[in-house]
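Q: Dropping the sequence and predicted coords here.
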Amino acid sequence: MIATIIGSTGLTGSLLLRLLLADPAITQVISISRRSPNLASTKLSEILIDDLAALPSLEPDIQGDMYFCCLGTTIRAAGSKENFRKVDHAAIVDFATIAKAHNARSLTLVSAAGASAQSRVFYSQIKGRTEDEVRALGLRSLTIFRPALLTGPRHEFRFGELIATATLAPLSKLLPAASRKRLITPADALARRMLSEGKMAAGGVRVIAAKDI
């Protein structure tokens, strides 16, 4: 099987990429990212892209069986709401459209807790609109994950998440497992679950909340 992943240098994507490369059932991994993940593997094919708007033109080069989308940014990192939309909406929908064009057996997507097109919170609203448009494509098997605050070794500095993690991590240890999962999602747990769901390709649409990751 060929696995195609976008966002492979982020927190979850970098962990998932290593799992894909280590899986004996996967013969090739196509990684799409802005910078190289710097991993040596004969199974790895890298496609570096500076402008995510050019993603549709790469369709012939990113044909796979399983597609994994780990794209995600923040308004602060993107620099504006419009730039945020380009990553967390337009690029994700473009990637899903490519998966549909290649009749992918599965697409696994990272969204966010609280995603809803009706939300008054801009971040959650965009996440919800993205989910709706990807659903509408009618993929063979679509799994949408809605994690809580993601924790793990980030390569980029996110001040807001650092403060939130420092506050919630000690608190979560005092809570039952089910309540803890609603606050914090370890990125390695999410990556493992994404691989499992992608390979399973259960069919239809599944939305997996933070408490179930």
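A: Looks like it came in fine. The structure presented is a predicted model; accordingly, all values stated were derived computationally and were not measured.
Q: hey, let's count contacts and neighbours off CA atoms from now on
A: Will do.
Q: Okay, now the unreliable bits of the protein?
A: 153-182 (pLDDT under 70).
Q: Would you state the strands of it in chain order?
A: 2-6, 28-33, 44-48, 66-69, 106-110, 141-146, 149-151, 184-186, 204-209 (DSSP state E).
Q: Given the first one, what are its sheet partners and their directions?
A: Translated: strand 2-6. strand 28-33 (parallel), strand 66-69 (parallel) (DSSP bridges).
Q: Go ahead and measure how far stretch 126-142 is from the middle of the chain.
A: Taking Cα atoms, centre = their mean, to the nearest Å, one finds the center of stretch 126-142 at 13 Å from the center of the full chain.
Q: Quick one: end-to-end length of it, please.
A: 18 Å (Cα to Cα, to the nearest Å).
Q: Identify each buried residue in it, please.
A: 126-131, 133-135, 139-142 (16 or more other Cα atoms under 10 Å).
Q: quick one: which two of these are the most distant?
A: Ile126 and Arg140 (23.5 Å; Cα to Cα).
Q: so who does the residue most central in space within the chain touch?
A: What sits nearest the mean C-alpha location of the chain, by Cα atoms, centre = their mean, is Cys70, with 2.1 Å. Cys70 sits next to 5-8, 10, 12-13, 109-110 when contact means Cα atoms under 8 Å, 6 or more residues apart in numbering.
Q: Just send these back as TSV, with neighbour count and distance to Val207 too.
A: Listed next are the contacts of Cys70 as TSV, based on neighbours: other Cα atoms under 10 Å; distance: Cα to Cα, whole Å:
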residue	neighbour count	distance to Val207
Ile5	27	19
Ile6	22	20
Gly7	22	20
Ser8	27	22
Gly10	20	22
Thr12	28	18
Gly13	27	19
Leu109	23	10
Val110	24	10
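Q: with the residues you listed in mind, which one is nearest to Arg146?
A: Val110 (6.5 Å).
Q: For the nearest residue to Gly203 once chain neighbours are set aside, name its beta-bridge partners.
A: Spatial nearest neighbour of Gly203, excluding adjacent residues (Cα to Cα, 6 or more residues apart in numbering): Ser141 at 4.0 Å. Note on Ser141: beta-bridge partners by DSSP bridges are Gly204.
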